[in-house]
Each structure stands twice: as C-alpha cells, then as structure tokens.
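1. how does the following fold in three dimensions:
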Amino acid sequence: MDPRVEQFMAQIIAKNPNENEFHQAVQEVAESLIPYIEENPKYKHAKILDRIAEPERVILFRIPWLDDKGEIQINKGYRIEMNSAIGPYKGGLRFHPTVNLSILKFLAFEQVFKNSLTTLPMGGGKGGSDFDPKGKSDNEVMRFCQSFMTELCKHIGHNTDVPAGDIGVGGREIGYMFGQYKRIRNEFVGVLTGKGTMYGGSLIRPEATGYGAVYFAEEMLKTRGDSFKGKIVAVSGSGNVAQFATEKVNELGGKVVTLSDSAGFIHDPNGIDAEKLAYVMELKNVKRGRIKEYADKYGCEYYEGKRPWGIKCDVALPSATQNEINEEEAKTLVANGCFVISEGANMPSTPEAVEVYLQNKILYGPGKAANAGGVAVSGLEMSQNSLRLSWTREEVDQRLNQIMKDIHATCEKYGKDSEGFIDYVKGANIGGFVKVAEAMLAQGAV
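-> Residues are numbered from 1 along each chain as shown. Just a heads-up that it's a prediction; the model follows:
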C-alpha cells in the first residue's frame, strides 16, 4: 500500500475504531484520490478528504414500538448526514438486523460520491434501524415506522435531508413514514423519495437502480463495440434491484440465468423470461417467500447456502449486499469467461476481488457509478415534487439513461490511461470527488 494512504488510513482507523466496512470504503477511495490530491495541492491544503471522511452530523435515537402481542419493543435508529456541499443530504434508510454505525457510515460516504456523479444537486446521507420487517405484520411495520419517523422528522426536511428506501424499506414503509411526517409537520412536501405515484412518487423509481446498472454495463460494452445481445448474465439477489436488472437485460437481448436470496441461489439455464420474472416479483414482493420456491416450480437447480458466482456467464450483476464477491469467487468468474461486472448493490466486491478485476482488465463498474440510477431518479422525484408535476415514464427513463451515459463519460474522463484502458474505480472516485471538493473550497472551512 502507498505509505501516504497507509498514514491516512491509520488516522481514520484511530478515529473510527471497529468500523471495518467504513474503513474499507474510505481506503478504496483514498487509494485513487491521494495521488490525485498530491498533484492538486489546493485539496491537500484544505484537508478536503479528511473533511469528507468525517460526517457533518450523526444522529442516534431509540425507537420504542408496540408489537401485536401488546409488548413494547425497542430498536436503534440512525441518520448519518455526511456531506451537504452540493445539496441537501440524500440517501436511503435501511431496516435490517445487521444495521450498525459502520455500515451506515460506509454507505453515507459512498453516497457522497455517487450523488455527485449523477450531476444532480444532492449531498450524501444514509440511515436506518436494526429493525427486521421480515415476519412482522403490516400493523407492526406501521407502528414501527410511525415511531421511527416521530424522532427522525426533527432532523430532516425537503431542503435539509431527503431520505429514501433501501434494503427492508420499500413502498409500504415509505408510505407509513410519509404519512407520519405529514401528520406531525402539517405539510405536504417531498421529504421522502420512493413514494407511491398517487402521492408524489416518480415513475421508473422502483426500476431505476436495476435499469441503471444495466445501462451502465451497456455503456461499458459499447467501448468494446459490443452489446447485451446473446450474453449470459448472472444476477444475485431477488429484490427490487435484481428484478428490474433482469427485466432490462431481457429487453436488451441478454439472458439472466441466476437469482439468489440469503438462503441460496437458483440456476435456470433456460433463462428467466418475462413470465418467470413475474412469478419472482409476486413471490418476493407480495408473498415474501424464498427463491427456492422458483426452483420447485420451474424444475431447475437450487444451491443452498451458496452464491451464484461459480456459474459460467459473460456479465455479472451483483445486486444483493456488500462484500458478496470475494477474491476466489472473482477469480472463478474471470476464469469462466465473465468480462463485465456492473454493481447493482453497494460495495458487493471485496477489495481483493476488485484487484482481480483490475489485474485482468475486465469491464468493472463500481457501485458508486453503476448503481447511481436509483438515487438519480430520487433526485428527479425531488425536482418533480418541487415543480408540483410528474413526468411520463418515457421522460424519466430517457433522463435516467442519459444520466448513466454522463456518469460513464465522467469515469472515462478521469479513469482512462495512456493505453486506452478505463479504470472505472479511479474514474468514479476522482470524478465524484472533484465536484464536492470544489464546492467545499468555495464555501470555506465549514
């Protein structure tokens, strides 16, 4: 490791002990940025990277709520307001038992760069709770969301901090939280994104992250004069991102052969077509069942407790969670002929896996670039709310496609080497950094 990076990371680790995911996210960015900052001393003198790595505000609170048995339950609530140099804090809320300070700080830190890359005026934030919506009744989820928002509403606002959904937070949860915010604050404003279309939501928002990851992969393929036509695609996850990534791959002529959940994955060599995808959506979004049921219905292989990265494919779209591809799995993917990886999830590849991609010079789109489509359409939802109007599905999809093309162009601008290879990690980190850094310089030591 570059000794300058090592020195910087020693400070970060000392200040933020036992926050491994956060350390990993900062180091990945620091490795690209520190050499760039050395060449641009104005950023070094103003300690911009040190400031970006320190949240502007961290809010921790308790969430008491009543379960269906009439018993009080208590969860932890969080909001990390990381950076507001280019706009209000913007980033999702995650409800999952694994939620802790380290995971949310890593996500908020990534969000700063991701939001900057979209070209929209949004700062970075993230939040959530260790509450698990799985196995809870609608009434329990509603009571939890109302208690959560009763506290959170003191810290957010459409010009201050605009949360969205993430793992465990879909349309149902956003609806309950929005209703509580409106009731307490007595105002109907776009304080949350991912709302239902009948009360201020944007068309294409549910699809946006999955569509965006595929659009980004398509742009990477174009650099080699290629397309999705006839490509075998491995997708992990079976939630919102995985579902719509599959839909868009089908539309562009590729064939998705895997989906997964926390219990295992299915391999359907015939491809997950529109009819099968409709079954997955019903299974996951309505019945909240397990992906194994797909294998039972369609008679394909189910691999319990495994991830899909041993399956032969041309393109991989990791769309489940952080660190889901390790070094061995990355080597297997490359050995099996996979030459495109576009991350639908946040930081799904370990640092060692990323090293494998870069050494083999495959087309690798890191999450902060490849999955920025979700927050981009959240930004478009904010614009529509401010204007009190809604754009058509085609308009939003067109804008999303253009934003992903612009993000790709930024990555190319800052990541292309003298031999023509595009290091998308470097490109995304520097491209995202420059806009935020210039805004911070302009605003002084705040």
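2. just list what the lengthiest strand in the chain packs against, helices and strands only.
-> If you go by DSSP state E, the chain has its longest strand at strand 72-83. Secondary-structure packing of strand 72-83 (3 or more CB pairs under 8 Å, 6 or more residues apart in numbering; DSSP states H and E): strand 57-66, strand 89-95, helix 101-117, strand 124-129, helix 138-152, strand 161-164. Placement of C-beta: from N, CA and C, glycine included.
3. pick the most deeply packed of those.
-> strand 124-129 (a mean of 30; mean count of other CB atoms under 10 Å).
4. relative to strand 89-95, how tilted is that one?
-> 20 degrees (axes from the mean of the first three to the mean of the last three CA atoms, to 10 degrees).
5. so how far is strand 124-129 off the chain centroid?
-> Distance of strand 124-129 from its chain centroid, counting by CA atoms, centre = their mean, to the nearest Å, is 12 Å.
6. check which helices and strands it sits against.
-> Other elements packing on strand 124-129 under the criterion 3+ CB pairs under 8 Å, 6+ apart are strand 72-83, strand 89-95, helix 101-117, helix 138-152, strand 161-164.
7. report the inter-axis angle for the longest one versus strand 72-83.
-> What it means is helix 101-117. Going by the same axes, to 10 degrees, helix 101-117 makes 40 degrees with strand 72-83.
8. JSON lines please, covering the helices and strands packed on strand 72-83 and showing mean pLDDT and distance to Ala316.
-> Listed next are the helices and strands packed on strand 72-83 as JSON lines, based on pLDDT from 0 to 100; distance: least, CB to CB, whole Å:
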{"stretch": "strand 57-66", "mean pLDDT": "98", "distance to Ala316": "34"}
{"stretch": "strand 89-95", "mean pLDDT": "97", "distance to Ala316": "23"}
{"stretch": "helix 101-117", "mean pLDDT": "97", "distance to Ala316": "20"}
{"stretch": "strand 124-129", "mean pLDDT": "98", "distance to Ala316": "25"}
{"stretch": "helix 138-152", "mean pLDDT": "98", "distance to Ala316": "33"}
{"stretch": "strand 161-164", "mean pLDDT": "98", "distance to Ala316": "26"}
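9. could you dump these into JSON lines with distance to Ala345 added?
-> Shown next, in JSON lines, are the helices and strands packed on strand 72-83 (distance: least, CB to CB, whole Å):
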{"stretch": "strand 57-66", "distance to Ala345": "24"}
{"stretch": "strand 89-95", "distance to Ala345": "12"}
{"stretch": "helix 101-117", "distance to Ala345": "11"}
{"stretch": "strand 124-129", "distance to Ala345": "14"}
{"stretch": "helix 138-152", "distance to Ala345": "23"}
{"stretch": "strand 161-164", "distance to Ala345": "15"}
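10. rewinding a little: strands paired with the longest strand of the chain, and their directions?
-> In the sheet, strand 72-83 lines up against strand 57-66 (antiparallel), strand 124-129 (antiparallel) (DSSP bridges).
11. for Lys248, which of the helices and strands packed on strand 72-83 is the nearest?
-> helix 101-117 (19.3 Å; CB to CB).
12. to Glu173, which of the strands paired with strand 72-83 lies closest?
-> strand 124-129 (10.4 Å).
13. what lies in contact with that closest one?
-> Here strand 124-129 makes contact (CB atoms under 8 Å, 6 or more residues apart in numbering) with 59, 63, 75-83, 89-96, 99, 104-105, 107-115, 144, 148, 152, 161, 163, 166, 168-169.
14. how about a cut-off of 7 Å?
-> Residues from elsewhere that reach strand 124-129 (CB atoms under 7 Å, 6 or more residues apart in numbering): 63, 75-83, 89-95, 99, 104, 107-108, 111-112, 115, 148, 161, 163, 166.
15. ok so, going back, tell me which of the strands paired with strand 72-83 lies nearest to Arg393.
-> Proximity to Arg393 (CB to CB) singles out strand 124-129 among these, at 27.8 Å.
16. angle of the closest one against helix 138-152?
-> 130 degrees.
17. what sits closest to Tyr107 if chain neighbours are left out?
-> Let me fix one detail, which is that residue 107 is Leu and not Tyr. Sequence neighbours aside, Lys126 is the residue nearest to Leu107 in space, at 4.1 Å (criterion: CB to CB, 6 or more residues apart in numbering).
18. distance of that neighbour from Ser236?
-> 21 Å (CB to CB, to the nearest Å).
19. can you check Met82 too?
-> In terms of CB to CB, Met82 sits 27 Å off from Ser236.
20. ok, now His45?
-> 43 Å.
21. which of these two has more neighbours?
-> Ser236 (26 against 10; other CB atoms under 10 Å).
22. quick one: that one and Glu324 touch, right?
-> Yes - if you go by CB atoms under 7 Å, Ser236 and Glu324 touch, sitting 6.0 Å apart.
23. what do those two both touch?
-> Residues within reach of Ser236 and of Glu324 at once, by CB under 7 Å, 6+ apart, are 307, 318.
24. what about the nearest residue to Gly271 once chain neighbours are set aside, how many residues close to it?
-> In space, and not counting its chain neighbours, Gly271 is closest to Lys255: 4.0 Å by CB to CB, 6+ apart. Residues near Lys255, counting by other CB under 10 Å, number 21.
25. got a list of what Lys255 touches?
-> 232-233, 271.
26. quick one: it from Glu28, how far?
-> 31 Å.
27. give me the beta-bridge partners of the residue nearest to Gly271?
-> With DSSP bridges as the rule, Lys255 is bridged to Ile232.
28. same question for Ile266.
-> The partner residues for Ile266, given DSSP bridges, come to Leu259, Tyr302.
29. how close does it sit to Gly237?
-> Taking CB to CB, one finds Ile266 at 12 Å from Gly237.
30. okay, those two: which has more neighbours?
-> Comparing Ile266 with Gly237 by other CB under 10 Å, the one with more neighbours is Gly237, at 30 against 24.
31. what about the helices in the stretch 251-400 of the chain?
-> 274-281, 292-298, 327-335, 351-359, 367-370, 373-387, 393-415 (DSSP state H, counting those that start in this stretch).
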